[in-house]
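Participant: just the structure for this:
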Amino acid sequence: MLKKLIIASAIAMSLTAVGCSTTQTSTKQQENLNLLQNKTWILTHIGATEFKTDPTAHNVPSIQFDSATQRVSGADGCNRIMGGYSIEKDKLSLTQLAGTQMMCVNTMELAGKYNAALAKVAAYQVYGKTLRLLDEHGNPVLQYESAIQPR
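Facilitator: A predicted model of the protein is given here:
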């Protein structure tokens, strides 16, 4: 009888421990989603190359993730971009990306690099005012800052 009681207690404690760690993980994932979504992220780096934003530019490279519609939008330095996204844990999939087709004399090279980097995105990290979009190996392909301080 004592043996059955000890086994039942061990099982109950194991299930409790697993449930608590799952709750902590889910809470952290929700916090990351809250930091990521519903704000404008302004480009600071493509790969390791720093990008300085010209405040007079027409379409500053940026990205926004709308939690209500699961849509992504922004600009590549020349054209507006839009599409869908999905998130599972720290994995990020950008789907059906499309953009306007304007000709921009001084920013076509930037737009090309930006869109090539977006095509590699497989995950994300967000902390404070910084967002990093990562490739499948965990290497940063794009980095942004938000003007809005998280709460």
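
Participant: tell me where the chain has helices.
Facilitator: 2-36, 108-118 (DSSP state H).

Participant: which residues touch D135?
Facilitator: Residues near D135 by Cβ atoms under 8 Å, 6 or more residues apart in numbering: 120-123, 141. Glycine gets a C-beta too; all of them are placed from N, C-alpha and C.

Participant: excluding covalently adjacent residues, which one is nearest to it?
Facilitator: Setting aside the residues directly before and after it, D135 is nearest to K120 in space (Cβ to Cβ, 6 or more residues apart in numbering), at 4.5 Å.

Participant: how close does that neighbour get to P140?
Facilitator: K120 sits 10 Å away from P140, taking Cβ to Cβ, to the nearest Å as the criterion.

Participant: what does T69 give?
Facilitator: 27 Å.

Participant: okay, these two: which has more neighbours?
Facilitator: P140 (15 against 10; other Cβ atoms under 10 Å).

Participant: pretty sure I46 sits against V141.
Facilitator: Yes. Counting by Cβ atoms under 8 Å, V141 is a contact partner of I46 at 7.4 Å.

Participant: where do the contact lists of the two overlap?
Facilitator: A117.

Participant: now D54: closest residue in space that isn't a chain neighbour?
Facilitator: Ranked by Cβ to Cβ, 6+ apart and with sequence neighbours excluded, the top spatial neighbour of D54 is V60, at 7.5 Å.

Participant: angles on the backbone of that neighbour, please.
Facilitator: Main-chain torsions, V60, degrees, to the nearest 10: phi -60, psi 130.

Participant: look at it and report its pLDDT.
Facilitator: pLDDT recorded at V60 is 88.

Participant: what separation do you get for it and S86?
Facilitator: As judged by Cβ to Cβ, V60 and S86 stand 26 Å apart.
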